[in-house]
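Undergrad: I would like to see how this sequence folds:
(one chain, ligands or ions: 2)
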Amino acid sequence: MSVEAPENVYDEYAAAEADTSARTATVSVVIPALNEAANLPEVARRMPPGIDEIVLVDGNSVDNTTEVARELWPTAKIITQTRRGKGNALACGFRAATCDIVVMIDADGSTDPAEITLFIDALLDGADVAKGTRFAGGGGSSDITLTRRIGSRTLAALANRKARASFTDLCYGYMAFWRRHVDTIALPDVDASNAQWGDGFEIETVLAMRFMASGLRVVEVPSFERDRIHGESNLNAVSDGLRILRTILAERRSPRPLLSSLALPDAPLPCAPPL
Ligand SMILES: Nc1nc2c(ncn2[C@@H]2O[C@H](COP(=O)(O)OP(=O)(O)OP(=O)(O)O)[C@@H](O)[C@H]2O)c(=O)[nH]1
Ligand SMILES: [Mg+2]
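TA: Ligands and ions are numbered 1, 2, ... in the order given. Take a look at the predicted model:
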């Protein structure tokens, strides 16, 4: 099933509805980026006003990712990750972030920054973690292939059995949480010199399963995944899929009985700003 990308233009909506400066909690947006110079301008264009801190974590890009980021966000923290992989980049970004709320988005234009306010609202409404879902409540994707969709569903079903959860989407990189919870999930030491488990694309699964196992209130937020704008995916469906499978098998089982905390918000959030 393919879903049409919402056509609304964020800019019109931004000033009226999405100014995040009115709320009291501060927000860091962490963006892992590996050769994404061509995509960052669109990411910046759709960023809501009022974000307190941008942390861009560069993976030793060979294009001018860091220069473009500096031009777009003159006050951003632009750091270089300590090892390789998206997971290590995120762990470095979480350590550098200083605000109350941390939002993680991709730099390729597939996760729409205009949706950040929906994730923040879910946290302000009482969630500990707001996890994006492409497969429920009006979420969708124009970027996922049938094979990946089947793989993703299968992995989510396995993870749900293990975590006694009801995730509708496991391997999606759009997530937000209160920064005070980051220590409860014991991410790999960013200063270790050797590659660590969690350094790769399994990071989203590691985060989801550890947040659940910590007994935190995880809420799903419908989100629309767009096509990567320019460039190539860094993900290998087979090897990264196997890493995710290994993560599910290795992570500890949730100590709680059947969970009730993972649910769509009472009134499902729209997956994009209203027209
Ligand atoms: N710093 C850093 N960022 C990375 C690394 N690998 C991927 N990323 C970033 O993580 C985000 C997601 O990576 P993608 O390559 O788009 O992978 P994906 O979104 O899972 O796969 P597609 O849906 O095919 O695009 C993008 O912003 C990448 O630039 C890495 O090793 N280091
Ligand atoms: Mg992508």
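Undergrad: Closest to the centroid, which residue in this structure?
TA: residue 174 (2.3 Å; Cα atoms, centre = their mean).
Undergrad: Look at that residue and report its pLDDT.
TA: Confidence at residue 174, expressed as pLDDT, is 97.
Undergrad: Ignoring the adjacent residues along the chain, who's closest to it?
TA: In space, and not counting its chain neighbours, residue 174 is closest to residue 132: 3.3 Å by Cβ to Cβ, 6 or more residues apart in numbering. The C-beta positions use only the backbone N, C-alpha and C, and glycine is treated the same way.
Undergrad: List phi and psi for that neighbour.
TA: Backbone torsions of residue 132, given as degrees, to the nearest 10, read phi -70, psi 140.
Undergrad: Which strand residues bridge it?
TA: residue 221 (DSSP bridges).
Undergrad: ok, it - how many residues close by?
TA: For residue 132, the neighbour count with other Cβ atoms under 10 Å is 25.
Undergrad: swap in residue 198?
TA: For residue 198, the neighbour count with other Cβ under 10 Å is 23.
Undergrad: surely it meets residue 187?
TA: Yes: using Cβ atoms under 8 Å, residue 198 is in contact with residue 187, at 6.2 Å.
Undergrad: so what sits against both of these two?
TA: 91, 206 (Cβ atoms under 8 Å, 6 or more residues apart in numbering).
Undergrad: which bits of the stretch 101-250 of the chain sit near ligand 1?
TA: 106-108, 110, 143, 173, 228, 233-235 (Cβ under 6 Å from any ligand atom).
Undergrad: hang on, the earlier thing: list the contacts of the residue nearest to the centre of the chain.
TA: Contact analysis of residue 174 by Cβ under 8 Å, 6+ apart lists 104-106, 111, 115, 119, 131-132, 221, 223, 225.
Undergrad: same thing but at 7 Å, please
TA: 105, 111, 132, 223 (Cβ atoms under 7 Å, 6 or more residues apart in numbering).
Undergrad: How about residue 181?
TA: By Cβ under 7 Å, 6+ apart, residue 181 lies in contact with 128-129, 216.
Undergrad: Show me the helices in the stretch 151-275 of the chain, by range?
TA: 203-213, 237-250 (DSSP state H, counting those that start in this stretch).
Undergrad: Now do the phi/psi pair for whichever residue of the stretch 151-275 of the chain sits closest to ligand 1.
TA: Distances between the stretch 151-275 of the chain and ligand 1 by Cβ to the nearest ligand atom are smallest at residue 233, namely 2.9 Å. Backbone dihedrals for residue 233, given as degrees, to the nearest 10, come out at phi -70, psi 150.
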